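Student: Show me the folded form of this:
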Amino acid sequence: MKERKALLIHAVDKSLIISEQPPFPFPVLGITTLAALFPENWEIEVIDEDVDLVDLNSEPDLIGISSLTLNIPHAYDIADHFRKKGIPVIMGGLHVSSLPHEALYHCDSVVIGEVEPVFDEILKDFENKKLKKIYKAKNFFDLKNVPIARRDLLKPIHHKHLTSVQATRGCPNNCEFCSVTPFFGHRYRFRPVEAVIKEIEMLLDMGMSRTIFFVDDNIAENEHYAEKLFKALIPLKIRWGSFASVRLAKNFKLLDLAVKSGCLELFIGFESLEQSNLEIASKNFVKVKEFPEIIDRFRSNGIMVQSAFIFGHDNDTKDIFKKTVDFVQKTGIDTPTFGILTPYPGTALRDRLIKEGRLIDTKGEWHKYDGSYALFQPKNMSVEELQQGYFWAKKYCCAPRSIIFRLLRRPNKNFFLAMLVNFSMRANKMKQIKQRWKKRPLVAPS
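Tutor: This is a model prediction of the structure:
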């Protein structure tokens, strides 16, 4: 018999239109990994609001909530609701780790950083009714001790199209705008390859999707580990995607292994076509002049390229939008994604913009932190010009004619899949544009 019940919530504000998301729910890994830490005498309920609704009449013994910055006002509403009922609420994740004292207005405790090293302490304090305000581990977690996530607590739709797995944490790069590295650290940490393979085999035996997404910040950054992992994946005959840097395209041996292991798509942060912008953002290991060759190398090997370009860097001028669109269309990037430089809490970028007096006070409107709002004063254009240019670039590249032209210009073996991905994501992109720009014509930036 279960003695206690915990309700773990991945808070998502469904009223928001997120245009760069896939048309199916992404299988969350954070709260399902957390669920695996609880002892057997606990009943665990997991709610991913991307699919499920939180039962506000529920009365568990403990609430755990995690959320991205854009969803945090909604997460706070949920926390407030359950706290009024006298139920202890603990919050964790990137946002509250950066702003713990803000979160403590809405919850009993905040976990700063990874929860695994402090979980036993939290549970002990809860049992003794002595929860601390803040829990923060002294050291990063050893990934050889990561438990198998409780995916069985999610609805089957979470794994119909995609299954998520984590092999590494941390990133040695120091990109100014990145909020993940301060959370997981600059040191690259690895799960044993054998443990990763065993987990994937278990997922396949359970009938979950054979398409895996590795949620690692940079799957191939450590050549030795990536080589061992890719070789071990080959016999599984899966298809997989992940985040990676341009460095993978330069390593022919590793790229070949990635292809043989089933690599289908990679999310590559090109960020900007201005080299000076990359240097300011501490991403000078990326060379703009190499972009066309890198894209061609990935695509000629059958790997779909999902590119990320960010507008609003300090050396961006008003011609950056058309320049980027022309580049995307010419190089045949499979799935281009655009964003506005966003000063997330906890980033060096936010600190710099505050120091320079350029950050716009959004008065707690955290829902604007989704990469589609101009939240600071750019150096070489107005806020309005940055916003207008971003929407123009997005609209141009998601137009049916642009999609078809781009993919036919340089087709590869994943042509039809790339076409499907583009058109499936188009609806939300256009919905966001129409909702936010009803009274203003979308025109090409000068």
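Student: Please tell me how far Gln275 sits from Glu221.
Tutor: 21 Å (CB to CB, to the nearest Å). Any C-beta I mention is one placed from the backbone N, CA and C, and that applies to glycine too.
Student: who's more crowded, these two?
Tutor: Ranked by neighbour count (other CB atoms under 10 Å), Gln275 and Glu221 place Glu221 first, with 20 against 15.
Student: sec struct for Val96, please.
Tutor: For Val96, the assignment made with DSSP: H, G, I helix; E, B strand; the rest coil gives helix.
Student: That one and Ile90: what is the separation?
Tutor: Val96 is 10 Å from Ile90, by CB to CB.
Student: Which one of those two is surrounded by more residues?
Tutor: Remark: of Val96 and Ile90, Val96 carries more neighbours, 29 against 25, as counted by other CB under 10 Å.
Student: you'd agree that one is up against Gly113?
Tutor: No. Applying CB atoms under 8 Å, one finds Val96 not in contact with Gly113, separated by 10.4 Å.
Student: give me the low-pLDDT residue ranges for the stretch 151-300 of the chain?
Tutor: Judged by pLDDT under 70, the stretch 151-300 of the chain has no weakly predicted residues.
Student: Sketch out the strands for it, chain order is fine.
Tutor: 163-165, 168-169, 189-190, 211-214, 239-244, 263-271 (DSSP state E, counting those that start in this stretch).
Student: can you redo those strands as CSV with distance to Ile320 and mean neighbour count?
Tutor: Listed next are the strands of the stretch 151-300 of the chain as CSV, based on distance: least, CB to CB, whole Å; neighbours: other CB atoms under 10 Å:
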stretch, distance to Ile320, mean neighbour count
strand 163-165, 33, 21
strand 168-169, 33, 24
strand 189-190, 36, 20
strand 211-214, 30, 22
strand 239-244, 24, 22
strand 263-271, 12, 22
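Student: so which of the ones you listed gets nearest Lys144?
Tutor: Evaluated with CB to CB, the strands of the stretch 151-300 of the chain place strand 189-190 nearest to Lys144, the distance being 8.4 Å.
Student: That closest one packs against which elements?
Tutor: Packing partners of strand 189-190 (3 or more CB pairs under 8 Å, 6 or more residues apart in numbering; DSSP states H and E): strand 168-169.
Student: Distance from the chain centre to the strand it packs on, please.
Tutor: In terms of CA atoms, centre = their mean, to the nearest Å, the centre of strand 168-169 is found 14 Å from the chain centre.
Student: go on, stretch 189-200?
Tutor: Stretch 189-200 sits 21 Å away from the centroid of its parent chain (CA atoms, centre = their mean).
Student: residue ranges for the strands of the stretch 1-150 of the chain, please.
Tutor: All strands of the stretch 1-150 of the chain, identified by DSSP E, counting those that start in this stretch, fall at 4-10, 42-48, 62-66, 89-92, 109-112, 134-136.
Student: tell me the contacts of Pro400?
Tutor: Phe423, Arg426 (CB atoms under 8 Å, 6 or more residues apart in numbering).
Student: again, 10 Å this time
Tutor: Pro400 makes contact with Asn422, Phe423, Arg426, according to CB atoms under 10 Å, 6 or more residues apart in numbering.
Student: quick one: which of these is most hemmed in?
Tutor: Asn422 (21 neighbours).
Student: Excluding chain neighbours, give the residue nearest to it in space.
Tutor: Closest residue in space to Asn422, ignoring its immediate chain neighbours: Ile403 at 4.6 Å, by CB to CB, 6 or more residues apart in numbering.
Student: check contacts around that neighbour.
Tutor: Counting by CB under 10 Å, 6+ apart, Ile403 has contacts Gln329, Asp334, Thr335, Pro336, Cys397, Ala418, Met419, Val421, Asn422, Phe423, Arg426.
Student: pLDDT averaged over the helix or strand containing Tyr396 - what is it?
Tutor: Following DSSP states H and E, one finds Tyr396 within helix 383-398. Helix 383-398 comes out with an average pLDDT of 95.
Student: And stretch 97-113, by the same measure?
Tutor: Across stretch 97-113, pLDDT averages out at 97.
Student: what do you get for stretch 426-434?
Tutor: 88.
Student: begin at 718 from here
Tutor: Got it, the first residue is 718 from now on, which makes the last one we talked about stretch 1143-1151.
Student: distance of the most centrally placed residue in the chain from Ile1057?
Tutor: The centroid of the chain falls nearest to Val932 when counting by CA atoms, centre = their mean (7.9 Å). Noted for Val932: a distance of 24 Å to Ile1057, by CB to CB.
Student: now do Ser926
Tutor: Applying CB to CB, the value for Ser926 to Ile1057 is 32 Å.
Student: Give me the more crowded residue out of these two.
Tutor: Under the criterion of other CB under 10 Å, the comparison of Ser926 against Ile1057 puts Ile1057 first, with 21 against 18.
Student: That one: what's it in contact with?
Tutor: Contacts of Ile1057 (CB under 10 Å, 6+ apart): 1027-1029, 1087-1093, 1095, 1100, 1103-1104, 1106-1108.
Student: Could you pull up phi and psi at it?
Tutor: phi -100, psi 140 (degrees, to the nearest 10).
Student: Give the bridge partners for it, please.
Tutor: For Ile1057, the beta-bridge partners are Phe1028 (DSSP bridges).
Student: In which helix or strand does Arg1123 reside?
Tutor: Using DSSP H and E, Arg1123 sits in helix 1117-1126.
Student: Alpha carbons only: can I get that helix in PDB?
Tutor: In PDB, the C-alpha atoms belonging to helix 1117-1126 read as follows (Å, rounded to 0.1, in the frame of the first residue of the first chain):
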ATOM      1  CA  PRO A1117       4.500  27.200 -49.300                       C
ATOM      2  CA  ARG A1118       6.400  28.400 -52.400                       C
ATOM      3  CA  SER A1119       9.500  29.100 -50.300                       C
ATOM      4  CA  ILE A1120       9.400  25.700 -48.700                       C
ATOM      5  CA  ILE A1121       9.000  23.800 -52.000                       C
ATOM      6  CA  PHE A1122      11.700  26.000 -53.700                       C
ATOM      7  CA  ARG A1123      14.200  25.500 -50.900                       C
ATOM      8  CA  LEU A1124      13.800  21.700 -50.700                       C
ATOM      9  CA  LEU A1125      13.700  21.200 -54.500                       C
ATOM     10  CA  ARG A1126      16.800  23.300 -54.900                       C
END
